[in-house]
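> Pasting the sequence and the predicted model now:
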Amino acid sequence: MRMRIENQRQSTNIEDRRGMRGPAAVGGGGIGLVLIVLLISWLTGTNPLALLQLTSGVQRSSPPAESVPTGAVGDDPQARFIGAALGDMEETWSEIFAKAGDRYQPPVLVLFTDAVQSACGTASSATGPFYCPADSKVYLDLSFFRELDQNFGAPGDFAQAYVVAHEVGHHIQNVLGTNAQVSRLQQQAAKAQANDLSVRLELQADCYAGVWGHFAAQQNMLEPGDVDEGLRAAAAIGDDRLQRQTQGRVVPESFTHGTSEQRAYWLRQGLTSGRVEDCDTFKATSR
Ligand SMILES: [Zn+2]
């Protein structure tokens, strides 16, 4: 199934670090621009952040040296699909925040190949897509989608959009302060409890992904079968399934993302309700 997203505005919050090797791959690609901006601001006495925002729509919350999204992903259809999906997520979350009287600062999406340097450390593609709260960026190697298709039986572009929407869900948690609260609780908790809190955080990100999906469906972006694709992907990347595939057994205490059933449940919850308030996985006891 193809999501009807061709006419969607491309996100400009994309940093394309694909194919970069060495320090360039693991450092700010826009460092030259930042140096020029710093020089101009030093000469003219202007706030460098204001200048950076003029030049590239940079995020105020992240450090300037690493936060110059190029905005362009070329003609690569897969990257363009992700750019369009991200653009739509930006609009959806901006509207949700605006309704609550807040301004939404979207995350930057970093596309990379093989390995990448984030403010949370260096990561290889094997880690899978992730969100780093310290620099408010989502990191994605597009090869993950090939794996999702081939090894986990979850093809389709809504499945891909769902993966990005889940990471954007972590950004929402960061903006709302949920993950900071959870980290504080985890420091005093026993290992099993700390794990349970991680699972609830992950399931909430799934529910937030569903909230975006709810509005994508309202705009007629989804086709029959799209939601099933997302649910299949949610189920395919549940910890129980991943563990069975990688270790051949299931160890509930070490779950970090929740079971396949839980993930599909919370994604569906967000899809049906479209309300952030209905994603309180911390209050829910039965799931
Ligand atoms: Zn996650």
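Arrived safely. Numbering: from 1, shown residues only.
> Helix or strand: which one has the closest residue to Ala234 other than its chain neighbours?
What sits nearest to Ala234 in space, not counting adjacent residues and going by CB to CB, 6 or more residues apart in numbering, is Arg263, at 4.1 Å. Backbone N, C-alpha and C define where each C-beta goes, glycine included. Per DSSP states H and E, Arg263 falls inside helix 260-273.
> average pLDDT across that helix?
Averaged over helix 260-273, pLDDT sits at 92.
> And that helix, what does it pack against?
helix 191-218, helix 226-236 (3 or more CB pairs under 8 Å, 6 or more residues apart in numbering; DSSP states H and E).
> where does this structure dip in pLDDT?
Along the chain, the parts satisfying pLDDT under 70 run over 1-2, 21-73, 238-255, 285-287.
> Give me the most central residue, it.
Nearest residue to the geometric centre of the chain (CA atoms, centre = their mean): Glu167, 2.1 Å.
> Which of the three states applies to that residue?
helix (DSSP: H, G, I helix; E, B strand; the rest coil).
> Going forward, count from 173.
Got it, first residue is 173 now, which makes that one Glu339.
> where along the stretch 223-372 of the chain do the helices fall?
With helices called from DSSP state H, counting those that start in this stretch, the stretch 223-372 of the chain shows them at 249-271, 315-322, 329-348, 350-360, 363-390.
> Now the second one: buried residues?
Along helix 315-322, these residues count as buried under the neighbour rule (16 or more other CB atoms under 10 Å): Phe316, Phe317, Leu320, Asp321.
> What angle do helix 398-408 and that helix make with each other?
100 degrees (axes from the mean of the first three to the mean of the last three CA atoms, to 10 degrees).
> Is any residue of helix 315-322 near the ion?
No: with CB under 5 Å from the ion as the criterion, the ion is not reached by helix 315-322; the gap is at least 12.8 Å.
> Run through who's touching that helix.
Outside of helix 315-322, the residues within contact range by CB atoms under 8 Å, 6 or more residues apart in numbering are 250, 285, 297, 300-301, 326-327, 331-332, 335, 405, 408-409.
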